[in-house]
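S.K.: give me a 3D structure for the following:
(chains A and B)
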Amino acid sequence: MTESATSAPRSPAELFLAFNRLALQGFGGVLAVAQVELVERRGWLTRAEFVELLSASQVLPGPNVVNLSLMLGDRWFGWRGALAALAGLVVVPLAIVIALTLVHDRFADVPQVAGALRGMGAVAAGLVLVTALKLLSTLRGNRLGPWLCAGVAATTFGAIALARWPLAGVIAVLAPLACALAAWRLRR
Amino acid sequence: MNGLAWPDLLGLTGHFMLLSLLAIGGAITTASDMHRYVVTEHGWISDAQFTSSIAIAQAAPGPNVLFVAVIGWNVAGPVGMLATLAGTMLPSSLLVLAVSRWAAQRRESLGVRAFATGMAPLTLGLLLATGWVLAEPFAREPGQRFGALALIAVTIAAMLRTKLSPIWLVALGAVVGALGGI
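M.R.: Sure, this is the predicted structure:
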């Protein structure tokens, strides 16, 4: 838990390029690629720091990756950093998505296109799963201890994936509970 | 695609700003209410246009939130795109920056440490659930089950064992899918 990141961006421009690069690799969601780029490739964050940022991104309203980019950019370069990271994430993909909208009607019914999209969707699911598996190692130093960690993670998984309860309600109930347990453990 | 009048544009922006602050878990969680507003209530776009807006954004590279930009574009062109995108991003972004600065000054406080400690397993449970929710529809479809599960397994193995960039796996998925493997 106490290990720290090995590197940091030198300028908002570098931040812009990094987020642009990870956004352009992120098909069907950017989170998995963000973890690979920011933690494994650039060493700007440790896995534990990434999980911490992701926690805050998920509890606050707004798209998770957008929230993550804003918090990271702001941490290093204030407003300029937040704007640079957000712009890197959004500007080029926005142009692509609008271009796709304009040609969409012509290609929507081609079976190969539909098949390719399904294949990309399956890989996107695998990428999210593998990100979760990799980040599980960050729980090792967690002060909740292995049993409480497993309990909280399994309850969350069951409520969302199996019972399909609404996310906001699940967070509203489980987050205060998990944080209260953590406060109790940290105080002992 | 014909432009909206100013009062309608303001209404559109305002509605998306309101939803922005309710979008815990991402903008997609408020998609049902966006649908109610732009399709059912105002009839600015059709059902099919709404659904394909989400599909296009998910197929394209970049954050999925860009589906709101496509909805705005379909409603009123570039101005509509700015209205929905700025509406969705601004309020939540300002809130996130304010909260993260506030928390950064209190890093060692019990409250912030308890948040980081308690939320870590919850966050990972959510991430696993997201992966499950994305994968499960493939497993239910007999014609897609084998190909999709094979792709998911290859993805997991490759990402755990190699330093391969995820983009190659996405490309593999596209090729396998286009050839009818899934």
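S.K.: before we move on, which element is B:L149 in?
M.R.: Taking DSSP states H and E as the definition, one finds B:L149 inside helix B:142-161.
S.K.: list the buried residues for that helix?
M.R.: B:Q144, B:G147, B:A148, B:L149, B:L151, B:I152, B:V154, B:T155, B:I156, B:A158, B:M159 (16 or more other Cβ atoms under 10 Å in any protein chain shown). Bear in mind the C-beta positions are built from the backbone N, C-alpha and C, glycine included.
S.K.: just stretch A:11-30 next, same as before
M.R.: Going by neighbour count (16+ other Cβ under 10 Å), the buried part of stretch A:11-30 is A:12, A:14-16, A:18-30.
S.K.: equivalent analysis for stretch B:39-51, please.
M.R.: Within stretch B:39-51, the residues scored as buried using 16+ other Cβ under 10 Å are B:V39, B:W44, B:I45, B:Q49, B:F50.
S.K.: burial count for A:G145?
M.R.: Using other Cβ atoms under 10 Å in any protein chain shown, A:G145 has 12 neighbouring residues.
S.K.: what sits closest to it if chain neighbours are left out?
M.R.: For A:G145, ignoring the flanking residues on the chain, the nearest one in space by Cβ to Cβ, 6 or more residues apart in numbering or on different chains is A:R185 at 7.2 Å.
S.K.: quick one, what contacts that neighbour?
M.R.: Contacts for A:R185 were tallied using Cβ atoms under 8 Å, 6 or more residues apart in numbering or on different chains; they are A:R143, A:L144, A:G145, A:L148, B:T117.
S.K.: which helix or which strand is home to it?
M.R.: For A:R185, the host element (DSSP H and E) is helix A:167-187.
S.K.: buried ones in that helix?
M.R.: For helix A:167-187, the neighbour count (16+ other Cβ under 10 Å) marks A:L167, A:V170, A:I171, A:L174, A:A175, A:A178, A:C179, A:L181, A:A182, A:A183, A:R185 as buried.
S.K.: adding pLDDT, write those residues out as CSV.
M.R.: Listed next are the buried residues of helix A:167-187 as CSV, based on pLDDT from 0 to 100:
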residue, pLDDT
A:L167, 84
A:V170, 91
A:I171, 90
A:L174, 96
A:A175, 95
A:A178, 97
A:C179, 96
A:L181, 97
A:A182, 97
A:A183, 97
A:R185, 95
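S.K.: helices and strands around the helix or strand of chain A with the lowest mean pLDDT, which ones?
M.R.: Lowest on mean pLDDT, DSSP states H and E among the helices and strands of chain A sits helix A:111-135, with a mean of 91. Judged by 3 or more Cβ pairs under 8 Å, 6 or more residues apart in numbering or on different chains; DSSP states H and E, helix A:111-135 is in contact with helix A:31-35, helix A:47-59, helix B:47-59, helix B:110-140, helix B:142-161, helix B:166-178.
S.K.: could you tell me the least trusted of these?
M.R.: Mean pLDDT per stretch puts helix B:47-59 lowest among the helices and strands packed on helix A:111-135, at a mean of 85.
S.K.: any idea of the angle the next helix or strand after that helix forms with helix A:47-59?
M.R.: Tracing the chain past helix B:47-59, the next element assigned as helix or strand by DSSP H and E is helix B:67-104. Angle between the axes of helix B:67-104 and helix A:47-59 is 120 degrees (criterion: axes from the mean of the first three to the mean of the last three Cα atoms, to 10 degrees).
S.K.: spatially central residue in chain A, please.
M.R.: The centre of chain A sits closest to A:L31, judged by Cα atoms, centre = their mean, with a distance of 3.6 Å.
S.K.: that one reaches A:N64, doesn't it?
M.R.: Yes. With contact defined as Cβ atoms under 8 Å, A:L31 reaches A:N64; the gap is 6.4 Å.
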